[in-house]
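**Student:** show me how the following folds:
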Amino acid sequence: MRNKVHLTLLAVLLGSFGLTTAVRAADETVLDVITGTTLKAIMAAQGFNATQLDEDGDLLGRIENVPFYIIISQDKHSMVFRYSASGSNATVAKCNQWNLSKKYSRAYMDKDGDPVLELDLDLEGGVTVARIKDYILTCKVSMLVFRQEVVQ
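**Tutor:** Numbers count the residues shown, from 1 in each chain. As a prediction, this is how the structure comes out:
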(Lines give C-alpha, C1' and ligand atoms only; values in the text may rest on other atoms or scores of the structure.)
Protein backbone atom coordinates (compact mmCIF):
# COMPACT_ATOMS: atom_id res chain seq x y z
CA MET A 1 0.00 0.00 0.00
CA ARG A 2 2.77 2.40 0.98
CA ASN A 3 4.61 1.79 -2.31
CA LYS A 4 1.38 2.45 -4.20
CA VAL A 5 1.04 5.87 -2.49
CA HIS A 6 4.67 6.71 -3.31
CA LEU A 7 4.20 5.69 -6.94
CA THR A 8 1.01 7.76 -7.19
CA LEU A 9 2.76 10.77 -5.66
CA LEU A 10 5.71 10.29 -8.03
CA ALA A 11 3.34 10.12 -11.03
CA VAL A 12 1.61 13.34 -9.92
CA LEU A 13 4.94 15.12 -9.44
CA LEU A 14 6.24 13.96 -12.82
CA GLY A 15 2.97 15.00 -14.47
CA SER A 16 3.26 18.44 -12.87
CA PHE A 17 6.88 18.67 -13.96
CA GLY A 18 5.86 17.81 -17.51
CA LEU A 19 3.13 20.45 -17.49
CA THR A 20 5.48 23.03 -15.99
CA THR A 21 8.11 22.16 -18.58
CA ALA A 22 5.55 22.49 -21.40
CA VAL A 23 4.40 25.89 -20.10
CA ARG A 24 8.01 27.07 -19.75
CA ALA A 25 8.78 25.89 -23.30
CA ALA A 26 5.72 27.75 -24.64
CA ASP A 27 6.74 30.90 -22.74
CA GLU A 28 10.21 30.72 -24.30
CA THR A 29 8.79 30.54 -27.84
CA VAL A 30 10.00 33.57 -29.83
CA LEU A 31 7.56 35.44 -32.06
CA ASP A 32 8.39 38.26 -34.48
CA VAL A 33 4.82 38.56 -35.76
CA ILE A 34 1.51 38.32 -33.91
CA THR A 35 -2.02 37.60 -35.07
CA GLY A 36 -5.26 38.30 -33.29
CA THR A 37 -5.82 34.57 -32.87
CA THR A 38 -2.42 34.04 -31.25
CA LEU A 39 -2.77 37.09 -29.01
CA LYS A 40 -6.27 36.06 -27.97
CA ALA A 41 -4.93 32.60 -26.97
CA ILE A 42 -2.06 34.12 -24.98
CA MET A 43 -4.49 36.44 -23.21
CA ALA A 44 -6.92 33.59 -22.49
CA ALA A 45 -4.08 31.61 -20.88
CA GLN A 46 -3.70 34.53 -18.46
CA GLY A 47 -7.42 34.73 -17.73
CA PHE A 48 -8.22 37.68 -20.00
CA ASN A 49 -11.22 37.43 -22.28
CA ALA A 50 -10.89 39.23 -25.60
CA THR A 51 -12.98 39.32 -28.76
CA GLN A 52 -11.41 39.62 -32.19
CA LEU A 53 -12.92 42.65 -33.89
CA ASP A 54 -11.77 42.32 -37.48
CA GLU A 55 -9.65 40.37 -39.94
CA ASP A 56 -6.60 42.48 -39.02
CA GLY A 57 -6.64 40.84 -35.60
CA ASP A 58 -7.56 43.87 -33.50
CA LEU A 59 -9.00 42.82 -30.13
CA LEU A 60 -11.54 44.23 -27.71
CA GLY A 61 -11.04 43.12 -24.12
CA ARG A 62 -12.17 44.02 -20.62
CA ILE A 63 -10.30 44.39 -17.36
CA GLU A 64 -12.56 44.74 -14.33
CA ASN A 65 -15.40 45.39 -16.80
CA VAL A 66 -13.50 48.32 -18.36
CA PRO A 67 -13.06 48.01 -22.15
CA PHE A 68 -9.74 48.36 -23.93
CA TYR A 69 -8.41 47.66 -27.42
CA ILE A 70 -5.26 46.02 -28.68
CA ILE A 71 -4.56 47.06 -32.24
CA ILE A 72 -2.19 44.90 -34.28
CA SER A 73 -0.24 46.63 -37.03
CA GLN A 74 -0.86 45.59 -40.62
CA ASP A 75 2.57 43.99 -40.88
CA LYS A 76 1.88 42.13 -37.58
CA HIS A 77 5.25 43.25 -36.15
CA SER A 78 3.81 45.48 -33.42
CA MET A 79 0.74 46.16 -31.35
CA VAL A 80 -0.67 48.95 -29.24
CA PHE A 81 -2.87 48.72 -26.18
CA ARG A 82 -5.37 51.58 -26.12
CA TYR A 83 -7.70 52.70 -23.35
CA SER A 84 -9.88 55.79 -23.49
CA ALA A 85 -12.42 57.24 -21.06
CA SER A 86 -15.19 59.68 -21.81
CA GLY A 87 -16.82 62.03 -19.33
CA SER A 88 -13.88 62.09 -16.94
CA ASN A 89 -12.09 64.67 -14.82
CA ALA A 90 -8.89 64.29 -16.83
CA THR A 91 -6.88 67.31 -17.87
CA VAL A 92 -3.90 67.93 -20.10
CA ALA A 93 -1.90 68.67 -16.94
CA LYS A 94 -2.75 65.23 -15.51
CA CYS A 95 -1.76 63.57 -18.79
CA ASN A 96 1.51 65.52 -18.83
CA GLN A 97 2.23 64.49 -15.23
CA TRP A 98 1.57 60.87 -16.20
CA ASN A 99 4.05 61.14 -19.08
CA LEU A 100 6.68 62.68 -16.80
CA SER A 101 6.35 60.08 -14.06
CA LYS A 102 5.62 56.80 -15.88
CA LYS A 103 7.57 54.53 -18.20
CA TYR A 104 6.42 52.36 -21.09
CA SER A 105 3.23 54.31 -21.86
CA ARG A 106 1.93 57.64 -23.05
CA ALA A 107 -1.16 59.63 -22.23
CA TYR A 108 -2.87 62.37 -24.21
CA MET A 109 -6.21 64.05 -24.69
CA ASP A 110 -7.94 63.08 -27.95
CA LYS A 111 -9.82 65.45 -30.27
CA ASP A 112 -12.97 65.04 -28.14
CA GLY A 113 -11.12 65.95 -24.94
CA ASP A 114 -11.06 62.38 -23.62
CA PRO A 115 -7.94 60.93 -21.97
CA VAL A 116 -6.18 58.12 -23.84
CA LEU A 117 -3.56 55.71 -22.56
CA GLU A 118 -1.38 53.75 -25.01
CA LEU A 119 1.36 51.15 -24.61
CA ASP A 120 3.30 49.77 -27.59
CA LEU A 121 5.05 46.46 -28.08
CA ASP A 122 7.48 46.02 -30.97
CA LEU A 123 8.04 42.39 -32.01
CA GLU A 124 10.64 43.18 -34.69
CA GLY A 125 13.62 40.90 -34.09
CA GLY A 126 11.51 38.61 -31.90
CA VAL A 127 10.11 38.55 -28.38
CA THR A 128 9.15 35.61 -26.20
CA VAL A 129 5.61 34.66 -25.33
CA ALA A 130 6.60 35.38 -21.72
CA ARG A 131 7.41 38.98 -22.76
CA ILE A 132 3.98 39.32 -24.41
CA LYS A 133 2.35 38.05 -21.21
CA ASP A 134 4.35 40.60 -19.22
CA TYR A 135 3.26 43.34 -21.65
CA ILE A 136 -0.40 42.41 -21.10
CA LEU A 137 0.06 42.56 -17.32
CA THR A 138 1.86 45.91 -17.65
CA CYS A 139 -1.10 47.18 -19.70
CA LYS A 140 -3.52 46.02 -17.01
CA VAL A 141 -1.63 47.68 -14.18
CA SER A 142 -1.08 50.86 -16.20
CA MET A 143 -4.76 51.14 -17.09
CA LEU A 144 -5.91 50.67 -13.50
CA VAL A 145 -3.42 53.24 -12.19
CA PHE A 146 -4.25 55.63 -15.06
CA ARG A 147 -7.92 55.45 -14.10
CA GLN A 148 -7.01 56.43 -10.52
CA GLU A 149 -4.45 59.14 -11.28
CA VAL A 150 -5.76 60.73 -14.48
CA VAL A 151 -9.36 59.76 -15.19
CA GLN A 152 -10.90 60.14 -11.71
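**Student:** which residues of this protein score low on pLDDT?
**Tutor:** Along the chain, segments meeting pLDDT under 70 span 1-23.
**Student:** do a quick rundown of the strands in it.
**Tutor:** 30-31, 50-52, 59-63, 66-72, 78-84, 106-109, 115-122, 127-128 (DSSP state E).
**Student:** residue 147 is nearest to which of the ones you listed?
**Tutor:** Ranking the strands of the chain by proximity to residue 147 (Cβ to Cβ) places strand 66-72 first, at 7.1 Å. In this view, the C-beta of every residue, glycine as well, is placed from N, C-alpha and C.
**Student:** now that closest one against strand 59-63, angle please.
**Tutor:** 150 degrees (axes from the mean of the first three to the mean of the last three Cα atoms, to 10 degrees).
**Student:** what sits against the residue nearest the centre of the chain?
**Tutor:** Nearest to the geometric centre of the chain sits residue 136, at 1.6 Å (Cα atoms, centre = their mean). By Cβ atoms under 8 Å, 6 or more residues apart in numbering, residue 136 lies in contact with 42, 43, 46, 48, 81.
**Student:** circling back: nearest to residue 145, of the strands of the chain?
**Tutor:** Nearest to residue 145, of all the strands of the chain, is strand 115-122, at 9.4 Å by Cβ to Cβ.
**Student:** so what strands line up beside that closest one?
**Tutor:** Here strand 115-122 is paired, per DSSP bridges, with strand 78-84 (antiparallel), strand 106-109 (antiparallel).
**Student:** which parts of that strand are buried?
**Tutor:** 115, 116, 117, 118, 119, 121 (16 or more other Cβ atoms under 10 Å).
**Student:** try stretch 83-95
**Tutor:** Result for stretch 83-95 [16+ other Cβ under 10 Å]: buried residues 83, 84, 85, 90, 94, 95.
**Student:** stretch 96-107 too?
**Tutor:** 98, 102, 105, 107.
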